[in-house]
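> Generate coordinates for the sequence data below:
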Amino acid sequence: MKRVRTLPAYCVALTLTGAVAAAQAQACAAESEARVPVVVELYTSEGCNSCPPADRWLSTLKDKPGVLAAAFHVDYWDRLGWKDRFASPLYSERQAQLQAAAGARFSYTPQVLVNGADWRRWPELPAGASSAPLHLMLQRDGDRVDIKVVPTNDAGRRWSLWWAALEDGHDSDVKAGENSGVRLHHDHVVRHYGSIAPWSGPLVQRIAVPARGDGGRPLRVIVVVTDAASGATVQAVQLRCEA
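All right, here's what the predicted structure looks like:
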């Protein structure tokens, strides 16, 4: 007669806990709240010596209730002696495209946009809107994120959407350019970015976004829905999957 070997109860519990953790690492979800967050975009560069104060301020917004922040590193400073490793021509292009709608006369750094509008009163921030015309839901499954937008009123209105995957906790020792010899700290760094063309009505869309970034850092994802005509933020939500 064979002897059946049983696992101790605590081993079984650990095994189940590990299975649950693995499942949570593969899938997590987030939904927008009734109050619309304040969405802050910073256009910055490691080659700009007036940018570090704005970078430090943006770091203070990490986990601030009711605020979502994103740091877009532009590449037009790279030609002056220091190549910003986070910079992309795509982010410079985004800044230029938003210039007129944001109310800015030209592109500059550091530039702060709040809810799509040029905002020179930082570190002061406005209050978020009390209600939104739509509901926003995100679901991650591995390296994919499903986006669902459900309008609650203004059925004929047209919307636009942009998303960004963000990393925190980066440090750079700058060795050339205007910030030569300075160590810079960065949070909310945009590493992946995309947008969806204007539409009306509900939307279901799947985007490809890796779950991990540089050095295994978890990638947070923010999705922002705007009014297609004005560019004003109408709803936004963050998806954080750190298991």
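
> for this structure, what spans make up the strands?
Counting by DSSP state E, the segments of the chain that form strands are 27-31, 38-44, 67-73, 111-114, 117-118, 134-141, 144-151, 158-167, 170-173, 183-186, 189-200, 203-208, 220-227, 233-239.

> Would you reformat those strands as TSV and include mean pLDDT, mean neighbour count and distance to Arg56?
Backbone N, C-alpha and C define where each C-beta goes, glycine included. TSV is the format used below for the strands of the chain (pLDDT from 0 to 100; neighbours: other C-beta atoms under 10 Å; distance: least, C-beta to C-beta, whole Å):
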stretch	mean pLDDT	mean neighbour count	distance to Arg56
strand 27-31	91	15	27
strand 38-44	98	24	11
strand 67-73	98	24	11
strand 111-114	98	22	13
strand 117-118	96	16	21
strand 134-141	97	19	29
strand 144-151	97	18	30
strand 158-167	97	22	17
strand 170-173	97	13	12
strand 183-186	98	16	7
strand 189-200	97	16	14
strand 203-208	97	14	31
strand 220-227	97	23	19
strand 233-239	97	22	21
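
> So for Leu61, which of the ones you listed sits nearest?
strand 67-73 (4.6 Å; C-beta to C-beta).

> Outside of the closest one itself, list whatever touches it.
Around strand 67-73, the neighbours that count as contacts under C-beta atoms under 8 Å, 6 or more residues apart in numbering are 37-46, 55, 58, 61-62, 84, 86-88, 91, 94-95, 125, 164, 166, 186-190, 193, 222, 224, 236, 238.
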